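Asker: All I have is the shape, not the residue letters:
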């Protein structure tokens, strides 16, 4: 029996899941439509406007909660989905805007990204499985946009960014958007039964397997249009929240878990997935955990494994927990249970905010709350999934598994 399967620990995870969902519920819907950015105490920071990816994450979270039977979550998911169907959707050119300002005007200068559209796929697939009105039609539309604009079938990879009217394609290619695209494609496959989405996800994963082998488990994140790594990208902006310089420790952990989900979803597809998942996990732990005089994961390292940004992000711990649980379930090895227990205690000691709610999104290198990269507590996606994934099988993906009654 793994740590998360023990009755007392299952109860602990379930209680934390419910506590998290209390955070910001009454302030979540922005007057302009979609989700408000939540501040440190769960109030709406209306001046930040509405971001598509935040809205999508909260549609996903409350669709999951609706499937667990939580009162009020289905209605919250529906209201947030209305934002995706309405003001966040570009009815002129197609696709979804990145952001609305505080008055509800779209930010055209931000263009359209794979990252945002991957989350639209995730949100609409989860809402469809949860039976939220309008979700199936929105999922079909999101799938069409993604395949037309972001999926490069010749390369088996994702394009990253266009201008708002789709006339300009940025030469930059990125692993962050691709990672969330893999998560979303697996979810769409489970929502629709269309196995082609899993095969697309497997093609992107093949790139990650190759990169992990070539760079000793430190994944390059940034590439040119030919997918040549840009190892010095943003060296002058190392703490960028989406495109930081160097290797992002948390993404190694996130990919570790996703590769195991893919392996379970497509048995026999690639016998390199488990070894790569192990490598990514071991490299992230070796480079990132407790390496600078205080517990916690550093945000990024250089290509030799030296810390660059030492602040601790809550999402990294959440992904570490999910990866440890996945490897424990896949291998049966007690090592991963050890790590899970240690990181859950770290979360309890430093991240879980019993006073104001949710988890602190960022800590400094001495584990004091900070806000240089992530002010406030804008969403619940990573923390909520950390309370659910350890209680689920590796496949199907989280929403379908809960709908099928697999949640412990």
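Answerer: Okay, I see it. Treat the numbers as computed from the prediction; the structure is a model and nothing was measured.
Asker: So, low pLDDT: which residues of the chain?
Answerer: Applying pLDDT under 70 to the chain flags residues 1.
Asker: For it, just list every one of the helices.
Answerer: Ranges of helices in the chain, per DSSP state H, are 7-22, 52-67, 73-85, 114-129, 135-145, 175-192, 196-214, 249-265, 273-288, 314-331, 334-346, 381-388, 398-403.
Asker: Would you mind saying which of these lies nearest residue 364?
Answerer: Taking Cβ to Cβ, helix 314-331 is the member of the helices of the chain nearest to residue 364, at 12.8 Å. Glycine gets a C-beta too; all of them are placed from N, C-alpha and C.
Asker: follow-up on the earlier one: reformat the helices of the chain as JSON lines; add distance to residue 97.
Answerer: What follows is the helices of the chain, written out as JSON lines (distance: least, Cβ to Cβ, whole Å):
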{"stretch": "helix 7-22", "distance to residue 97": "27"}
{"stretch": "helix 52-67", "distance to residue 97": "6"}
{"stretch": "helix 73-85", "distance to residue 97": "10"}
{"stretch": "helix 114-129", "distance to residue 97": "8"}
{"stretch": "helix 135-145", "distance to residue 97": "12"}
{"stretch": "helix 175-192", "distance to residue 97": "16"}
{"stretch": "helix 196-214", "distance to residue 97": "24"}
{"stretch": "helix 249-265", "distance to residue 97": "25"}
{"stretch": "helix 273-288", "distance to residue 97": "33"}
{"stretch": "helix 314-331", "distance to residue 97": "24"}
{"stretch": "helix 334-346", "distance to residue 97": "36"}
{"stretch": "helix 381-388", "distance to residue 97": "20"}
{"stretch": "helix 398-403", "distance to residue 97": "25"}
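Asker: so what's residue 30 up against?
Answerer: 36, 44, 46, 49, 50, 83 (Cβ atoms under 8 Å, 6 or more residues apart in numbering).
Asker: That one and residue 104: what is the separation?
Answerer: Between residue 30 and residue 104 the computed distance is 9 Å (Cβ to Cβ, to the nearest Å).
Asker: shared neighbours, the two?
Answerer: With contacts defined as Cβ under 8 Å, 6+ apart, the residues shared by residue 30 and residue 104 are residue 50.
Asker: Find the nearest non-adjacent residue to residue 113, please.
Answerer: Once flanking residues are discounted, residue 113 sits nearest to residue 161: 5.0 Å by Cβ to Cβ, 6 or more residues apart in numbering.
Asker: Does residue 4 touch residue 13 like I think?
Answerer: Yes: taking contacts as Cβ atoms under 8 Å, residue 4 lies within contact range of residue 13: 6.4 Å.
Asker: about what we covered before: so which of the contacts of residue 30 sit within strands?
Answerer: Among these, DSSP state E puts residue 50 in strands.
Asker: and which of the contacts of residue 30 is nearest to residue 372?
Answerer: Sorting those by distance to residue 372 puts residue 49 at the head of the list, at 20.3 Å, by Cβ to Cβ.
Asker: What is the burial count for the closest residue to the closest one other than its chain neighbours?
Answerer: Distance criterion Cβ to Cβ, 6+ apart; nearest residue to residue 49, sequence neighbours excluded, is residue 101 at 4.6 Å. By other Cβ atoms under 10 Å, 13 other residues sit near residue 101.
Asker: Then residue 109?
Answerer: Around residue 109 there are 9 residues (other Cβ under 10 Å).
Asker: Pull the contacting residues for it.
Answerer: Neighbouring residues of residue 109 by Cβ under 8 Å, 6+ apart: residue 164.
Asker: what separates it from residue 97, distance-wise?
Answerer: 11 Å.
Asker: Common neighbours of the two, please.
Answerer: When contacts are counted by Cβ under 8 Å, 6+ apart, residue 109 and residue 97 have residue 164 as shared neighbours.
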